[in-house]
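**Q** coords please:
(one chain, ligands or ions: 1)
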Amino acid sequence: MSSGVQFQPGERNGRHEQVTFLTNKEKMPSQRRGGCIAGVIVGLLVLGAIAGVLIYFFAVKPNKSSVGSVTSRQMDQTLVYSGHLVLDNIPYNKQLENPQSTAFIEMADKLEKMLWSTYKEDPLLSKYYNRSVISAFSEGSLIAYHWTQFVVPAAEQQVQSEITEQRVARALRTGIRQAGKELVVTSVTVSLTDPRMARNPRDDNCLFRLDANTDLQGFESPDYPNQYPPHTRCLWQIRGPPNSSIFLDFPDFNVEDDCANAFVYIYDSFSPDESRAITKKCGQRPPTNPLEVVSSGNLILVILISDSDIQKPGFNAEFRAIPKMTECGGVLEAPSGNFSSPYYPSFYPPNVECTWMIKVPQNLRIRVRFSMFRLKEPGVDVRVCHKDYVEVLGVKYCGERIQLAIGSTNNTLTVKFRSDGSHTDKGFLATYSAYDPKNPCPNQFTCASGICIKSQLHCDGWNDCGDMSDEVNCRCDKDQFVCANGMCKPLYWVCDRVNDCGDGSDEKQCSCTSKEWRCGDGTCIPREQQCNGQKECADGSDESNCQASTRTCTDFSFRCKNGECVNKVNAECDQENDCTDSSDEENCDCGVRPYKHNRIVGGVNADVGEWPWQVSLHFSTMNHVCGASILSSTWLLSAAHCFKSAQPDFLKPELWMTYSGMRDQQDMEEVQVRKVKRVLPHPSYNPMTYDYDIALLELAVPLEFSNTIHPICLPAATHVFPAGMSCWVTGWGTLREGGSVSRLLQKAEVKIINDTVCDVVTEGQVSSRMMCSGFLAGGVDACQGDSGGPLVCREESGTWFQSGIVSWGEGCARRNKPGVYSRVTKLRNWITEITGI
Ligand code: 4AZ
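**A** Below you'll find the predicted structure:
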């Protein structure tokens with residue numbers, strides 16, 4: 001159960017030190033628990049503090065103006081530790097809420113002096129001590145929020161690693177014990193803190209104190225909705241009545257993408273204390289995925305930091321006090337139902353514990369399926385789940401799970417959810433149902449978890465249950481390979497460089513001899529042929545990453561504008577300057593989505609702004625006919641077969657209308673409608689074979705880019721999309737073969753299929769201008785109406801590139817009949833010829 005501000009011994013996350021003073025009797029058992037755990041904790045704390053120091057020095061880059069004059073000496077390093085103190089013998093007084101009041105000033109002075117006198121006792125800390133500040137007070141005994149700054153001169157940087165959380169906490173604990181009778185401190189927390197967040201309430205012009213009540217109130221970042229100023233440091237302390245929690249949401253949130261430069265940090269405390277952090281966010285969020293958090297107690301602290309010159313509108317926020325949650329979980333006795341983490345889909349509060357007891361009639365069993373599961377926290381090993389978790393049948397689950405289903409062993413099932421004091425997330429949404437163990441899945445296959453899948457999926461070489469139970473103990477056919485994990489896969493997938501088995505066994509015994517080099521498609525060539533300027537591998541991989549000949553030009557080099565060659569795979573728009581004229585990073589305002597998105601379990605409906613380059617093409621009086629993608633404000637890319645059909649009218653630009661920024665075919669909000677000036681199918685397009693199935697559309701009026709309208713990056717002709725890579729295809733095409741088109745934009749994750757396999761499964765119908773993508777097991781594919789739409793792949797740099805254009809396929813989602821796409825790299829030069837892009 002949650003409680004406002006809790007002081008539980010052992011609630012350490014390895015990054016902060018929390019000290020709770022126990023009576024001697026209470027101390028005994030914990031002392032006997034031995035030095036081993038303590039050693040590990042101390043080790044973790046030291047590592048944590050070192051990591052923190054490193055992160056701070058290399059990532060956070062202290063801002064000179066942020067922490068007073070001391071840091072203005074160049075290279076001096078500032079360490080700040082913040083947390084809170086619980087004072088037992090001092091009554092709470094409303095006046096302490098106002099930092100300008102005499103009560104606040106007197107009490108803060110007294111405590112700041114006490115802090116100094118405690119640090120003074122430690123020779124190392126006293127040497128580097130700079131100042132201590134009490135930043136706020138709250139009730140519940142008296143809680144004082146503090147921070148202390150240490151400054152280490154440049155010449156003594158090696159000392160930084162000794163000023164650890166553990167050392168600071170130890171100094172405080174020892175010192176405060178000796179502080180005398182007047183101030184009885186019963187508990188202390190200390191965490192390494194980004195110095196930019198340590199503010200003095202008595203002289204800060206961007207610190208706001210807000211009182212929450214049951215009415216919805218709001219606040220905004222400075223100058224919202226215009227841009228917040230550079231080097232913003234603003235704090236909002238929101239305080240509700242006792243026994244309340246604060247609900248805080250951000251209807252609009254648009255902060256810079258790189259969290260190292262700008263972010264919003266939210267705390268379940270008035271101290272920027274890492275052990276009380278609720279979340280840290282940056283980027284832009286779509287209206288469908290607003291940030292909504294709930295505090296465990298009646299306080300919440302919001303901090304906005306920005307350090308780069310890129311300014312964004314910031315945010316507007318709303319808050320209100322809600323009754324503190326007193327209960328969660330319960331007994332569920334209906335045969336089926338739903339349950340979720342508290343306040344779902346808002347972030348769950350810190351420090352809660354809920355237990356659901358599901359009980360069904362004696363002769364039945366229970367299956368639980370999580371359709372959303374997000375308990376992600378920084379620095380958590382998801383195999384251990386030592387912070388927030390869901391526990392079922394003795395197993396703890398945390399992190400983000402795409403497929404999670406669990407079955408009971410009898411007619412009851414207990415699901416426990418626990419959140420600790422820091423970092424919360426959206427949580428989970430679960431459905432459960434009772435089933436008859438004698439016939440759990442009528443006419444279907446029963447997974448070990450109790451969920452049902454279609455019988456045909458049993459032993460089909462794909463892990464459909466999610467726990468592999470449909471793929472063990474299968475008898476493989478003669479033309480199948482037996483994976484080490486018992487799965488059966490087509491023999492011709494062995495050594496194709498795709499881990500089809502999931503355990504790597506189909507790719508294990510495939511190495512080429514020591515005198516050979518292995519191509520991307522698994523074939524072996526003599527080693528000396530690699531990087532010899534001639535293509536020996538069918539996929540060109542032998543010439544695509546030739547470091548030794550960095551500037552020599554081959555057919556596989558990236559060509560810079562100045563004629564120079566770069567022999568690095570996928571050098572364009574990877575956020576590294578490879579050409580001396582930087583032309584590889586020019587025209588790279590593409591392939592990023594302005595909005596931040598959450599991955600929804602099993603979701604197929606695209607989110608607003610998730611695929612901002614997707615366009616819907618409408619013909620004459622018909623509605624949606626084909627897809628296209630945005631290359632620039634005036635050029636769209638599509639498939640030739642959308643225009644060159646039996647009806648010559650399809651070539652007439654005036655009969656087409658393009659819809660950009662659309663998600664719902666019946667919602668025109670934020671959609672930009674443009675007429676077409678020119679339709680340019682590839683001159684070599686062959687309607688019989690679908691070879692060169694590519695077309696360019698020039699728009700009559702340029703598009704204005706927005707959160708939901710943004711171009712996709714085109715790959716260089718030498719860009720490599722390796723077999724096995726996960727890419728996404730999107731469109732409003734039919735949901736199944738012969739079905740009707742979709743109202744909402746759909747997305748599907750598909751894999752690039754090896755060219756040899758593609759050739760086999762299409763019976764030789766693919767040309768070098770085509771590529772296969774999908775799953776040979778079927779089930780996921782593009783379909784009619786998706787044609788002309790983009791197949792896009794996200795590179796490690798985070799940039800999306802269009803690898804394919806939906807072209808054809810034998811039916812849709814059929815087994816061994818993947819989708820066939822026009823290969824953009826092969827048609828790249830034609831695009832440049834026409835558009836100059
Ligand atoms: C079509 O008719 C179509 N399964 C597009 C893609 C695929 C099949 C048909 C791929 O537009």
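**Q** grab the nearest non-local neighbour of Tyr389.
**A** For Tyr389, ignoring the flanking residues on the chain, the nearest one in space by C-beta to C-beta, 6 or more residues apart in numbering is Lys396 at 4.1 Å. (C-beta placed from N, C-alpha, C; glycine too.)
**Q** ok, the residue in the stretch 351-500 of the chain that the ligand sits nearest to - contacts?
**A** Residue of the stretch 351-500 of the chain nearest the ligand, by C-beta to the nearest ligand atom: Trp462 (18.1 Å). Contact partners of Trp462, counting by C-beta atoms under 8 Å, 6 or more residues apart in numbering, are Glu471, Phe775, Ala777.
**Q** just the buried residues of those.
**A** Among the contacts of Trp462, those buried by neighbour count (16 or more other C-beta atoms under 10 Å) are Glu471, Phe775, Ala777.
**Q** can you put the residues you listed in TSV and add distance to the ligand and secondary structure?
**A** Converted to TSV, those look like this (distance: C-beta to the nearest ligand atom, whole Å; DSSP: H, G, I helix; E, B strand; the rest coil):
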residue	distance to the ligand	secondary structure
Glu471	25	coil
Phe775	11	coil
Ala777	14	coil
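**Q** okay, those in JSON lines with pLDDT next?
**A** Below are these laid out as JSON lines (pLDDT from 0 to 100):
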{"residue": "Glu471", "pLDDT": "84"}
{"residue": "Phe775", "pLDDT": "84"}
{"residue": "Ala777", "pLDDT": "75"}
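**Q** could you dump whichever helix or strand Trp830 is part of to CSV, C-alpha only?
**A** Per DSSP states H and E, Trp830 falls inside helix 824-835. Written as CSV, here are the backbone C-alpha positions of helix 824-835 (Å, rounded to 0.1, in the frame of the first residue of the first chain):
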residue,chain,number,x,y,z
VAL,A,824,14.2,1.7,-53.7
THR,A,825,18.0,1.6,-53.7
LYS,A,826,18.0,0.2,-57.3
LEU,A,827,15.6,3.0,-58.4
ARG,A,828,17.3,5.7,-56.4
ASN,A,829,19.2,7.3,-59.3
TRP,A,830,16.0,7.7,-61.3
ILE,A,831,14.4,9.5,-58.4
THR,A,832,17.3,11.9,-58.3
GLU,A,833,17.1,12.4,-62.1
ILE,A,834,13.5,13.5,-61.9
THR,A,835,13.3,15.3,-58.6
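**Q** buried ones in it, by neighbour count?
**A** Here helix 824-835 shows Val824, Thr825, Lys826, Leu827, Arg828, Trp830, Ile831, Thr835 as buried, counting by 16+ other C-beta under 10 Å.
**Q** now do the SS call for Asp257.
**A** Judged by DSSP: H, G, I helix; E, B strand; the rest coil, the three-state class of Asp257 is coil.
**Q** Cys573 contacts Ser582, doesn't it?
**A** No. Using C-beta atoms under 8 Å, Cys573 is not in contact with Ser582, being 11.4 Å away.
**Q** the two - which one has more neighbours?
**A** Cys573 (25 against 12; other C-beta atoms under 10 Å).
**Q** which parts of the chain belong to which domain?
**A** Domain ranges of the chain: 71-197, 207-323, 329-435, 614-835, per automatic domain parsing.
**Q** distance to Asp503 added to those domains, as TSV?
**A** Formatted as TSV, the domains of the chain follow (distance: least, C-beta to C-beta, whole Å):
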stretch	distance to Asp503
domain 71-197	41
domain 207-323	35
domain 329-435	17
domain 614-835	15
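**Q** would you single out the least confident of those?
**A** Of all those, mean pLDDT reaches its minimum on domain 71-197 (a mean of 89).
**Q** now it, how far from the centre of its chain.
**A** 35 Å (C-alpha atoms, centre = their mean, to the nearest Å).
**Q** near the ligand, which residues of the stretch 651-800 of the chain? Just list them.
**A** Residues of the stretch 651-800 of the chain lying near the ligand by C-beta under 6 Å from any ligand atom: Asp781, Ala782, Cys783, Gln784, Asp786, Ser787.
**Q** now do the second one: how many residues are near it, please.
**A** Put plainly, it is Ala782. 31.
**Q** so it sits in a helix?
**A** No. Applying three-state DSSP, one finds Ala782 to be coil, outside a helix.
**Q** so who does it touch?
**A** Contacts of Ala782 (C-beta under 8 Å, 6+ apart): Val729, Gly731, Gly733, Ala748, Gly774, Gly789, Leu791, Val806, Gly809, Cys812, Gly819.
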